[in-house]
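In: sequence? don't have it. structure:
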């Protein structure tokens with residue numbers, strides 16, 4: 001049985017008015033909850049954990065889909081395209097031609113621990 005000591009506290013990531021809560025699997029933008037599919041959420045959370053760092057489609061696929069990245073470029077590209085559309089701020093996730101994608105921030109991403117284990 002899991003006790004409170006066994007539950008890891010995972011931070012909410014905040015960038016401006018964007019908030020990514022991994023424990024509740026929610027993303028809010030300007031106070032509005034975005035409806036994301038699980039792989040879209042996981043992709044966004046992964047990119048936000050490494051602000052301004054380019055991640056290749058292979059790295060994203062291995063981490064999010066947890067499979068060998070065979071012919072993964074199309075899948076990752078579609079997921080990123082959907083995320084950029086849903087965020088309505090395509091500048092937050094930028095493609096880096098020939099390399100991958102990055103979550104662009106100017107001042108860093110805040111990590112906030114608000115959940116307490118229950």
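Out: Sure, I can see it. Because the structure is a prediction, the values reported are computed rather than measured. Numbers count the residues shown, from 1 in each chain.

In: Output the contacting helices and strands for whichever strand or helix holds residue 39.
Out: According to DSSP states H and E, residue 39 maps onto helix 38-49. Packed against helix 38-49, as judged by 3 or more C-beta pairs under 8 Å, 6 or more residues apart in numbering; DSSP states H and E, are the following elements: strand 12-15, strand 18-21, helix 57-64, helix 73-87, strand 100-103. Where you see a C-beta, it was placed from the backbone N, CA and C, and this is true even at glycine.

In: tell me the angle of it relative to helix 57-64?
Out: 110 degrees (axes from the mean of the first three to the mean of the last three C-alpha atoms, to 10 degrees).

In: what is the mean pLDDT for helix 38-49?
Out: Averaging pLDDT along helix 38-49 yields 96.

In: Can you give me the buried ones in it?
Out: By neighbour count on 16 or more other C-beta atoms under 10 Å, the buried set for helix 38-49 is 39, 40, 41, 42, 43, 44, 45, 46, 47, 48, 49.

In: Now distance to residue 89 too, for those, in TSV please.
Out: Shown next, in TSV, are these (distance: C-beta to C-beta, whole Å):
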residue	distance to residue 89
39	19
40	14
41	16
42	19
43	15
44	12
45	16
46	18
47	13
48	13
49	18
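
In: Closest to residue 75 out of those residues?
Out: residue 39 (8.6 Å; C-beta to C-beta).

In: Looks like the closest one contacts residue 67 (just checking).
Out: No: using C-beta atoms under 8 Å as the test, residue 39 is too far from residue 67 to be in contact (11.7 Å).

In: And residue 13, how far from residue 27?
Out: 10 Å (C-beta to C-beta, to the nearest Å).

In: Adding mean neighbour count, write the helices and strands packed on helix 38-49 out as CSV.
Out: Converted to CSV, the helices and strands packed on helix 38-49 look like this (neighbours: other C-beta atoms under 10 Å):
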stretch, mean neighbour count
strand 12-15, 19
strand 18-21, 20
helix 57-64, 19
helix 73-87, 16
strand 100-103, 22
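
In: give me the number of residues near the residue nearest to residue 88 when sequence neighbours are not counted?
Out: Spatial nearest neighbour of residue 88, chain neighbours left out: residue 29 (7.5 Å); criterion: C-beta to C-beta, 6 or more residues apart in numbering. Using other C-beta atoms under 10 Å, residue 29 is surrounded by 18 other residues.
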